[in-house]
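Trainee: let's see this in three dimensions:
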Amino acid sequence: MNLTRRHFLATASVATTCPTLISAADIGRLEAGTAKVDITPPVGQPMGGFLNRLKVNGGACRDIHDPLFARVLFLQSGATSIAIVTVDLLFFASRRVVAEARSKWRVDHIILSSSHTHAGPIAKTGGMPQWSNLNVNPQETLDFEAFSRDPWYADTERKIVSAIGEAKLNRFPARIGAGSAVFDSVYLPHNRRHVAPDGRVTMQWDNPKRLPTSPVDRTLRVLRVDDESGRPRAMLAHFACHPVTLGSGNFSISADFPGAVVARLESELGNDCMGMFLQGASGDIDPFEMGLHGKYGHQIVRCAGESLGNKALAIGKSLTTASGTVRVKESLLAFGQRHKPDKLDVGLTTIRIGPDIAITSIPGEPFVQHQLNLAKAAPVKHPFLLGLAYNGSGIPFTIYLPTVQAAKEGGYGASSGTFLEIGAGERMIAEALASMKNLRL
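Mentor: Below is the predicted model:
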């Protein structure tokens, strides 16, 4: 039986008592809305993710293997509203989208969360991402504001603004629940940094023998949003792993395994329920097999995504949903740089939904230990850490955020491919924890 025809049992209640120093206007029933839009680029659009691919005809894609989408989950309770946007892209940072969604649709907060697929497109204007092997601020080599001169990118911005409005207009009285479980798989994940007993670091990008590595987070987290009848209307799967199954030899547009996850969710849940993938702290995490192309590569993408999707469905089916109050805090933190005296601002957003769920977004690639540390110390049962997620304030992209220990050890993402001061990631996690506590009901 299709899960959209199953009305999951949803009988538990969530306390929505008025917190201290919050007005009556901020208290109200939970409402949600969804929308999705196709953002697939035209054939010939350059692809991002691998520098050596850019040397072959500018990295132009040759065909479309599977379409790319932007998906929106709109949440509101009382006077507080937020739109969580997921995109099947390497990264997406648009002040235009945030500003227009706020002015046109009166949405208070927007998070633009990228899956980080390395088989997706990049803008033709604004510069190529050649900073990835350098210790520099990407704003010094990329002109983020110039991306909108690229027709595909500008069209994507317009589509996302419209989709945010559609999601708000489509809102319904909602119930929400969360759960998690360990995901054991032959497809992912492994930690690509090997630290030898003598402290030397070597990069092991793939791990075809599936040897144990650490740290990793095999926790698959799931959010399910129902309407008042208990019918699922959105299911979000959160996992930490680089979408690099397809490598530089692949010239076909694909959402990689996150796209296969969502496709599995939606094929089972039906047209009335939207699937979403939330990328976690994947800075040092890869699939066991990566850098593939051709028929075998796409087969591994499908198998990895479907296995993750099946596990998410099992978790989602078991959840109990309830109404709850949404509270949001945006933080702007100033950081120094490793090699320059200038300070840079980084924007974080923390969402608290009822007593048990919290989501924090970071516009970069945190190492997975940050996610493990957040989960251990969080004042909620279900903490979600979103990497590659921009809220419209501060610098658009911080690149890698290693731990202090990893920075001492070195290696890609720890001593190269990173530019913020050592300890920046720990400060962000501390801010996320403080915000979760301050937003408690």
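
Trainee: find me the pLDDT at the residue nearest the centre of the chain, would you?
Mentor: For the chain, the residue sitting closest to the mean C-alpha position, by Cα atoms, centre = their mean, is Gln279 at 3.3 Å. pLDDT recorded at Gln279 is 98.

Trainee: can you check Ala24 too?
Mentor: At Ala24, the predicted lDDT confidence score is 40.

Trainee: beta partners of the residue nearest to the centre of the chain?
Mentor: Phe239 (DSSP bridges).

Trainee: and stretch 209-229, what's buried?
Mentor: Of the residues in stretch 209-229, 213, 215-217, 219-227 count as buried by neighbour count, 16 or more other Cβ atoms under 10 Å. C-beta coordinates here come from the backbone N, C-alpha and C atoms, glycine included.

Trainee: same check, this time on stretch 265-274
Mentor: Leu265, Glu266, Glu268, Leu269, Asp272, Cys273, Met274.

Trainee: that older thread, so who does the residue nearest to the centre of the chain touch?
Mentor: 113-116, 238-240, 243, 258, 386-389 (Cβ atoms under 8 Å, 6 or more residues apart in numbering).

Trainee: neighbour-wise, which of those residues leads?
Mentor: The most crowded member of the contacts of Gln279 is Pro243, carrying 33 neighbours; neighbours defined as other Cβ atoms under 10 Å.

Trainee: nearest spatial neighbour of it, chain-adjacent residues omitted?
Mentor: Asp256 (3.6 Å; Cβ to Cβ, 6 or more residues apart in numbering).

Trainee: in strands only, show me the buried residues of stretch 209-229.
Mentor: Members of the buried residues of stretch 209-229 lying in strands (criterion: DSSP state E): Thr219, Leu220, Arg221, Val222, Leu223, Arg224, Val225, Asp226, Asp227.

Trainee: my guess is the third one meets Phe183, correct?
Mentor: Read that as Arg221. No - using Cβ atoms under 8 Å, Arg221 is not in contact with Phe183; the gap is 9.8 Å.

Trainee: list residues touching both of these two?
Mentor: In contact with both Arg221 and Phe183: Phe239, using Cβ under 8 Å, 6+ apart.

Trainee: can you give me the end-to-end distance of stretch 165-176?
Mentor: 21 Å (Cα to Cα, to the nearest Å).

Trainee: with stretch 352-366 instead?
Mentor: This stretch, stretch 352-366, spans 21 Å end to end (Cα to Cα).

Trainee: how far away from the center of its chain is it?
Mentor: 10 Å (Cα atoms, centre = their mean, to the nearest Å).

Trainee: cool, stretch 215-228 as well?
Mentor: Distance, centroid of stretch 215-228 to centroid of chain: 12 Å (Cα atoms, centre = their mean).

Trainee: ok, now stretch 266-284?
Mentor: Relative to the centre of its chain, stretch 266-284 is centred 10 Å away, using Cα atoms, centre = their mean.

Trainee: likewise stretch 294-304?
Mentor: Worked out by Cα atoms, centre = their mean, stretch 294-304 lies 22 Å from the chain centre.

Trainee: need the helices for this structure, in chain order.
Mentor: With DSSP state H, the ranges of helices along the chain come out as 95-105, 151-169, 256-269, 294-317, 368-377, 404-409, 424-438.

Trainee: pick the most deeply packed of the ones you listed.
Mentor: Most buried of the helices of the chain by mean neighbour count (mean count of other Cβ atoms under 10 Å) is helix 256-269; its value is a mean of 24.

Trainee: now do that helix against helix 294-317, angle only.
Mentor: Angle, helix 256-269 to helix 294-317, by axes from the mean of the first three to the mean of the last three Cα atoms, to 10 degrees: 50 degrees.

Trainee: got the angle for helix 256-269 vs strand 219-227?
Mentor: Using the same axes, to 10 degrees: helix 256-269 against strand 219-227 is 40 degrees.

Trainee: tabulate the CA atom coordinates of helix 256-269 in PDB.
Mentor: Extracted C-alpha coordinates of helix 256-269, given in PDB (Å, rounded to 0.1, in the frame of the first residue of the first chain):
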ATOM      1  CA  ASP A 256      24.300  12.000  -7.000                       C
ATOM      2  CA  PHE A 257      23.100   9.800  -4.100                       C
ATOM      3  CA  PRO A 258      21.100  12.600  -2.300                       C
ATOM      4  CA  GLY A 259      18.900  12.700  -5.400                       C
ATOM      5  CA  ALA A 260      18.400   9.000  -5.300                       C
ATOM      6  CA  VAL A 261      17.500   9.200  -1.600                       C
ATOM      7  CA  VAL A 262      14.700  11.800  -2.400                       C
ATOM      8  CA  ALA A 263      13.600   9.900  -5.500                       C
ATOM      9  CA  ARG A 264      13.100   6.800  -3.300                       C
ATOM     10  CA  LEU A 265      11.200   8.700  -0.700                       C
ATOM     11  CA  GLU A 266       8.800  10.200  -3.200                       C
ATOM     12  CA  SER A 267       8.300   7.000  -5.200                       C
ATOM     13  CA  GLU A 268       7.000   5.400  -2.000                       C
ATOM     14  CA  LEU A 269       5.200   8.300  -0.400                       C
END
